[in-house]
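1. Dropping the sequence and predicted coords here.
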Amino acid sequence: MKKIYLSLALALGFGVTQAQETHPAIQKGKIMVETNFTPFGTGNSGFSYSKADGAKSWQVGASAGYFVMDKLAFKAGIGYTKTELEINFGGLASANISTDALTYQFGAKYYIINCIPVQVDFNGAKQGDIKTNSIGGQLGYAWFIRDNMALEPAVKYNLGVDDNSRNVFSAGLGFSIHF
């Protein structure tokens, strides 16, 4: 087992020494605008849609970040979520419930060897008087399709930090533009 860990550490070290020059899109002073599509799970500042057992939910949103140093950006995001629930009481009566929520996200994103974004954030939603908050961690891969555009598949885990929130694992595909 020690040999496996040593081999991984050496491979990562070799990769870091080979990627000394920072990609132009993630250098200090650059601005990033991004969104994502999350078909598996929920997002906080992207696009998602889910439908199950008479309930459907959709979300739109985006986030922006500023690189305070090479490879490190501080970011903030905002989104809007709509949830509709249809309840049928055995054919006698039915009810439709519709709710709106504001979602938010604040955090930092660091690019390891120019192509492995690691993000830590505080995120949540506010629906009327109810708030849910989580601490999220995300790991992905940045494929720069142009000098200022990237596709970023990623996995994310949100750890609920209050009574109204729950732990959520999600996967998605992000798209970012860098200025």
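-> That came in fine, so what should we check first? Numbers count the residues shown, from 1 in each chain.

2. hmm, who's touching stretch 128-147?
-> Residues external to stretch 128-147 that are found in contact with it (Cβ atoms under 8 Å, 6 or more residues apart in numbering): 23-25, 44, 99, 105, 107, 111, 114-125, 150-162, 164-168, 174, 176. Glycine gets a C-beta too; all of them are placed from N, C-alpha and C.

3. ok, of those residues, which come out buried?
-> Buried residues within these, counting neighbours by 16 or more other Cβ atoms under 10 Å: 23, 25, 44, 105, 107, 111, 114-115, 117, 119, 121, 123-125, 150, 152, 154, 156, 158, 165, 174, 176.

4. And the average pLDDT for stretch 55-73 is what?
-> Mean per-residue pLDDT for stretch 55-73: 94.

5. Who is A95 paired with across the strands?
-> A95 has the following beta-bridge partners by DSSP bridges: I87.

6. residues near it, how many?
-> Close neighbours of A95, defined as other Cβ atoms under 10 Å, add up to 9.

7. so it makes contact with E84?
-> No: assessed by Cβ atoms under 8 Å, A95 is found out of contact with E84, at 11.3 Å.

8. Tell me the spacing between the closest residue to M149 other than its chain neighbours and C115.
-> Excluding its sequence neighbours, the residue lying closest to M149 (Cβ to Cβ, 6 or more residues apart in numbering) is I177, at 5.6 Å. Going from I177 to C115 by Cβ to Cβ, to the nearest Å gives 17 Å.

9. before we move on, the earlier item: could you pull up the residues touching the residue nearest to M149?
-> Residues in contact with I177 (Cβ under 8 Å, 6+ apart) are 32-34, 148-149.

10. For stretch 63-71, which outside residues touch it?
-> For stretch 63-71, using Cβ under 8 Å, 6+ apart, the contacting residues are 22, 26-35, 45, 73-78, 105, 109-112, 114.
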